[in-house]
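Novice: I would like the atomic coordinates for the input below:
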Amino acid sequence: MTTVDGDRQADSVPAGEPSLSDQPALSEGHSSDSQAITRRARSSASSVAPKPPTTRRETRARRTPARPLARHAAPESGASRRRRGWRTFWIAVSPLGLILVGTVILGGVFALQVLEVRDDLETVKSQLGGLAEAAVSGNTDTLQQAGDEIVARTQRASETANGPLWDLASTLPRIGNNVLAVRTVAEAVNTIASESIPPVVNMVSAANVDEQRAEGSLGINLQPFLEAETVLPTIISSFEDASAIAATMDRTDVLPAVYEPMDEMVGLLDQAIPILKVAQENLPALLQAAGANGPMLYQVMIQTPAEIRATGGGVAHWLILKVDNGQAELVGQDNGVDLMYSRLPSLGFDTVNGSLITLPRDVKSLYPRELVSWSSNFTMTPEFPRAVELFQATREWEDLPEFDGAISIDPIVLAHLIEATGPLTLDSGEQVTAENTASLLMSEPYERFGADNAAMDAYFNEVTSKMFSALTSGNWEFGAMWDQLVRSASEGRIQMWFDDPGLEAFATEYGLDASLREDNADATQLGIYFNDYSIGKLNYHLTYDQHATCNVDERTITVSMNLHNSITKDIKSEYTLGLRNVNRGIDPRTMMLDVLFFAPPGGEILSTDPKRGDYQDSYFRDRSGVDHGNEGLSRTLLLPMGESRTVSYTVQLPEGPLGPLQLRHTPGANDTQVTVDANCASLFASPEGSTNISLTKIG
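Specialist: Numbers count the residues shown, from 1 in each chain. This is a model prediction of the structure:
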């Protein structure tokens, strides 16, 4: 039926029959069903034909739309209508509601997982310190426990960060890369922990340091280092894998709090990997040096730059050390006073005019004659192996076994090492610290003890013995000790010689041999060196720097050093002031220095400043010669109290390719700044990442 406004109006439906309003909504895809329902509705309407309206009231009533009847035609109450409205709304929004609730729940779970990963990684970070301490001390129970927890936590953190919620979160804008970055951190840390820690724990546990090390013994147990030969490749591989994982991190929109710890870790890995590879390469030689293949007898020299010599200083004291399977035994201490004034003369050696070894004429003409006759002068040559040769000759005179190796350090090395071991306490209660070591070993005792040689020797012996005990106790952090050793080596303060060719090659490779090079293949070596002529300890107050500049067109290099004498009038000890000065009319606080200039093999010294020595007599005069193919010149220099002076020399470089520039100088009692002008770079081959090299490649 059609209403006046043209809309089709459904007829009334008998009670109990469904109406069109009760039919479910139909989609366009069900049009045939809609037509069928319409036909059914029309059929029902025709079977119950209404009477035609007879009055206007009835007509108006018929025009009023009929309300469809419910299954039970009872009228709805207000409460019923409200319930039906909420039910209809819930049915409409239930999919969105489920999504929202699910998102809230999943977001909460994800947040908890993030916190768990953070807590695991923070715990791992704190546990690593305990792991290192347990490894050093040999506490296997603590080591095993810490190792197990670190591996478990890193594994859990990595598994959590690779879960499905993290996959979902990684697709969100701005948040996604942070999620992936945290996952990368967890994976990298887990790679290191799971691959490296178990073999390290097993290695230390197998060594059982606590039981194998004899109580009160000096030295280290070599078993962990023997095991390290098989462990190091695994550790290196895990570090490289972790570094590769870190390199995949996309930093777009990543927060600093996420990537900064990763950068710190990568930086440590980049430092550790080369060191570990060096350790792996040289571990067999190091084990041999530590007595793994049999006992080794060492001389440990202490050069004193307060009485400066070409390789550092006069050797007044030295230790004799026996190392067997890592255990070090101090078998004796010796000094030049007893050796040169008493023992050697009693055996018939002339300590004034004699010669412990025979030098070639060109070499002999370059150095003072006391080089070969007096122990404190054995280091007047920059060729450290020759100094060892002279000490070996004294062993032969006394019919003592020769040394298998010699190691030279100076008081500045001891000061550096005390930064790692901590202060030493002497029997008197006096403390030796990193700050006062140099003064206590090179200056202050001479003022304190005066002419009491016995008291002074006893003092020096106690300090060196305490230092030796501290070093061999192992009660220090390895990283800190390594840093100080590298620092000392880079300053040229550690020199080594070995009788074994393989070990000597090791010392040469890392610039610890302190010898004159015989060619320019691996390095082009130039140097200025000092020898004290005053016979005193004036050079504790000597400071200097070193600088090199080049003329590329003329193929020349000029090396200069600025010197300063900072001694003051309150220094009065006869051991400090120049003994030789008085007889020559020179102020006892004026430094008399023998300055040695060396050209590389094939090079020629064109000029020196001073051109001629400041002092000339039958003993102190200008000298020249050749040592290991290196042309050398000697000039005597006077440096009065409070004054500064520049010495320099210019060298014509040889033709052909030149190895990297290696500038050497005498390591003094104070730091020496070394600079090289950039214009020198084109003349010399450059090692990777550098335009010149120092005394050593370590570090």
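Novice: OK, contacts around the closest residue to residue 673 other than its chain neighbours?
Specialist: Once flanking residues are discounted, residue 673 sits nearest to residue 545: 4.4 Å by CB to CB, 6 or more residues apart in numbering. Yep, even glycine has a C-beta here, placed from its N, CA and C like the rest. The neighbours of residue 545, taking CB atoms under 8 Å, 6 or more residues apart in numbering as the test, are 561-562, 672-675.
Novice: Ok, residue 243 next?
Specialist: So residue 243 contacts 188, 266, 269-270, 273 (CB under 8 Å, 6+ apart).
Novice: Can you name the element that comes right after the host helix or strand of it?
Specialist: Per DSSP states H and E: residue 243 is located in helix 223-247. Per DSSP H and E, helix 223-247 leads on to helix 256-289 as the next helix or strand towards the C-terminus.
Novice: which is the next helix or strand following that following helix?
Specialist: Heading C-terminal from helix 256-289 (DSSP H and E), you reach strand 296-309.
Novice: strands paired with that next one, and their directions?
Specialist: Applying DSSP bridges, strand 296-309 is found paired with strand 312-324 (antiparallel), strand 405-409 (parallel).
Novice: for it, what is the average pLDDT?
Specialist: Taken as a whole, strand 296-309 carries a mean pLDDT of 95.
Novice: what's the answer for stretch 467-478, then?
Specialist: 78.
Novice: May I have it exported as CSV, CA atoms only?
Specialist: Taking C-alpha atoms only, stretch 467-478 is exported to CSV below (Å, rounded to 0.1, in the frame of the first residue of the first chain):
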residue,chain,number,x,y,z
MET,A,467,107.6,-2.8,44.3
PHE,A,468,108.6,-6.3,43.1
SER,A,469,106.3,-7.9,45.7
ALA,A,470,103.4,-5.7,44.8
LEU,A,471,103.8,-6.5,41.1
THR,A,472,104.1,-10.2,41.5
SER,A,473,101.2,-10.4,44.1
GLY,A,474,98.6,-10.1,41.4
ASN,A,475,96.5,-7.8,43.6
TRP,A,476,95.8,-5.3,40.9
GLU,A,477,93.4,-4.9,38.0
PHE,A,478,94.8,-6.2,34.7
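Novice: residues of that stretch that come out buried?
Specialist: Neighbour counts using 16 or more other CB atoms under 10 Å place 467-468, 470-472, 474, 476 of stretch 467-478 among the buried residues.
Novice: hmm, back to that, looking at the strands paired with strand 296-309, spot the one closest to residue 456.
Specialist: Proximity to residue 456 (CB to CB) singles out strand 312-324 among the strands paired with strand 296-309, at 10.0 Å.
Novice: now the closest one against helix 256-289, angle please.
Specialist: 80 degrees (axes from the mean of the first three to the mean of the last three CA atoms, to 10 degrees).
Novice: so how far is the very next helix or strand once past strand 312-324 from its chain's centroid?
Specialist: Per DSSP H and E, the first helix or strand lying C-terminal to strand 312-324 is strand 327-335. Here the centre of strand 327-335 is set off from its chain's centre by 32 Å, with CA atoms, centre = their mean, to the nearest Å.
Novice: likewise stretch 481-493?
Specialist: Here stretch 481-493 shows a centroid-to-chain-centroid distance of 12 Å under the convention CA atoms, centre = their mean.
Novice: quick one: buried residues of it?
Specialist: Buried residues in stretch 481-493, defined by neighbour count with 16+ other CB under 10 Å: 481, 484-493.
Novice: Could you identify the most distant pair in those?
Specialist: 481 and 492 (19.0 Å).
Novice: which residue is nearest the middle of this structure?
Specialist: Taking CA atoms, centre = their mean, the centroid of the chain lies closest to residue 271, which sits 5.0 Å from it.
Novice: Using a markdown table, lay out the contacts of residue 243 together with pLDDT and neighbour count.
Specialist: Converted to a markdown table, the contacts of residue 243 look like this (pLDDT from 0 to 100; neighbours: other CB atoms under 10 Å):
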| residue | pLDDT | neighbour count |
| --- | --- | --- |
| 188 | 75 | 27 |
| 266 | 74 | 18 |
| 269 | 71 | 18 |
| 270 | 77 | 11 |
| 273 | 79 | 16 |
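Novice: Closest to residue 331 out of these?
Specialist: Taking CB to CB as the measure, residue 331 sits nearest to residue 273 out of the contacts of residue 243, at 38.8 Å.
Novice: rewinding a little: how close does the residue nearest to residue 673 sit to residue 661?
Specialist: To residue 661, residue 545 is 17 Å away according to CB to CB, to the nearest Å.
Novice: for residue 116, same thing?
Specialist: Separation of residue 116 from residue 661 (CB to CB): 55 Å.
Novice: Tell me which of those two has more neighbours.
Specialist: Using other CB atoms under 10 Å, the more surrounded residue of residue 116 and residue 661 is residue 661, with 28 against 15.
Novice: Surely the more buried one touches residue 527?
Specialist: No. The criterion here is CB atoms under 8 Å, and residue 661 misses it with residue 527 at 11.2 Å.
Novice: on that earlier part again, need the max-distance pair from the buried residues of stretch 467-478.
Specialist: Farthest pair in those (CB to CB) is 467 and 474. Separation: 14.2 Å.
Novice: Could you check how far residue 385 is from residue 621?
Specialist: From residue 385 over to residue 621 the distance is 27 Å, taken as CB to CB.
Novice: between those two, who's got more neighbours?
Specialist: Applying other CB under 10 Å to residue 385 and residue 621 shows that residue 385 carries more neighbours, namely 21 against 13.
Novice: Where do the strands of the stretch 451-600 of the chain begin and end?
Specialist: Per DSSP state E, counting those that start in this stretch, the stretch 451-600 of the chain carries strands over the ranges 495-498, 524-532, 542-551, 556-565, 591-598.
Novice: what's the closest residue to residue 290 other than its chain neighbours sitting at in phi/psi?
Specialist: Leaving aside its chain neighbours, residue 290 sits nearest to residue 326 (5.0 Å; criterion: CB to CB, 6+ apart). As for residue 326, its main-chain torsions (degrees, to the nearest 10) stand at phi 90, psi -10.
Novice: Could you verify my assumption that residue 499 touches residue 401?
Specialist: No. With contact defined as CB under 8 Å, residue 499 does not reach residue 401; the gap is 11.3 Å.
Novice: of those two, who's got more company?
Specialist: Taking neighbours as other CB under 10 Å, residue 499 and residue 401 compare with residue 499 leading, 15 against 9.
Novice: With residue 567 as the reference, measure out to the closest residue to residue 540 other than its chain neighbours.
Specialist: Spatial nearest neighbour of residue 540, chain neighbours left out: residue 306 (3.9 Å); criterion: CB to CB, 6+ apart. Between residue 306 and residue 567 the distance is 11 Å, computed by CB to CB.
Novice: Please enumerate the shared neighbours of the two.
Specialist: Shared contacts of residue 306 and residue 567 (CB under 8 Å, 6+ apart): residue 538.
Novice: which of the two has more neighbours?
Specialist: residue 306 (28 against 24).
Novice: Model confidence for the nearest residue to residue 682 once chain neighbours are set aside, exactly?
Specialist: Nearest residue to residue 682 in three dimensions, chain neighbours excluded: residue 552, at 5.7 Å (CB to CB, 6+ apart). Residue 552 carries a pLDDT value of 94.
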